[in-house]
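[1] can't give you the sequence, but here's the structure:
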């Protein structure tokens, strides 16, 4: 599930039908609006998964220190569904984006998910390093067993748009 490089994501790979659907939308007079609507419907289909991932990272225990900015909420804000129609890659995915300017820890979503965690120097003592772990597989567990549900929801959004375009042709 987690991709090979940052940022990681759950990806719903679609078949050639998406490319054909996008071509049909472009041929329509109001194709730009139809494309926007299709993308919105596909994002809406993945929102429950994104919400589950956000809830999963927010349930991670904190170290008890009051530091700012808050790591868990910063990571949760960077989780969102993404849809691309056309270009090199077409499809829908839930993605955890990098957390820029959060305690100098841009790869927080990826590192918090890893079993091996990450290393960092102890505050105030640059010679002592510690190994720290987050909530292992918080992103992956959010989607485990439900990939088919999200794939079906995205494909349903595509089917609805295809039916709508076909109905216009009659």
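    Perfect, thanks for sending it. No experiment lies behind these values; they were computed from the predicted model shown.

[2] I figured residue 97 was touching residue 78, is that so?
    Yes. Using CB atoms under 8 Å, residue 97 is in contact with residue 78, at 4.2 Å. For glycine as for every other residue, the C-beta is placed from the backbone atoms N, C-alpha and C.

[3] Between those two, which contacts overlap?
    Shared contacts of residue 97 and residue 78, defined by CB atoms under 8 Å, 6 or more residues apart in numbering, are found at residue 109.

[4] Beyond the top helix by length along the chain, next helix or strand please.
    In the chain, taking DSSP state H as the definition, the longest helix is helix 31-58. Sequence order places helix 71-77 as the next helix or strand after helix 31-58, per DSSP states H and E.

[5] next one: the next helix or strand after that following helix to chain centre, how far?
    Once the chain leaves helix 71-77, the next helix or strand it forms, by DSSP H and E, is strand 79-84. Remark: strand 79-84 is offset 5 Å from the chain centroid, using CA atoms, centre = their mean, to the nearest Å.

[6] in what helix or strand does the residue lying closest to residue 24 once chain neighbours are set aside lie?
    Leaving aside its sequence neighbours, residue 24 sits nearest to residue 165 (CB to CB, 6 or more residues apart in numbering; 5.2 Å). Following DSSP H and E, one finds residue 165 within helix 147-169.

[7] So what touches that helix?
    1, 10, 12, 14, 17-18, 21, 24-25, 28, 34, 37-38, 41-42, 44-46, 48-49, 92, 94, 143.

[8] try it again with 7 Å
    Helix 147-169 has contacts (CB atoms under 7 Å, 6 or more residues apart in numbering) with 12, 14, 17-18, 21, 24-25, 28, 34, 38, 41-42, 45-46, 49, 92.
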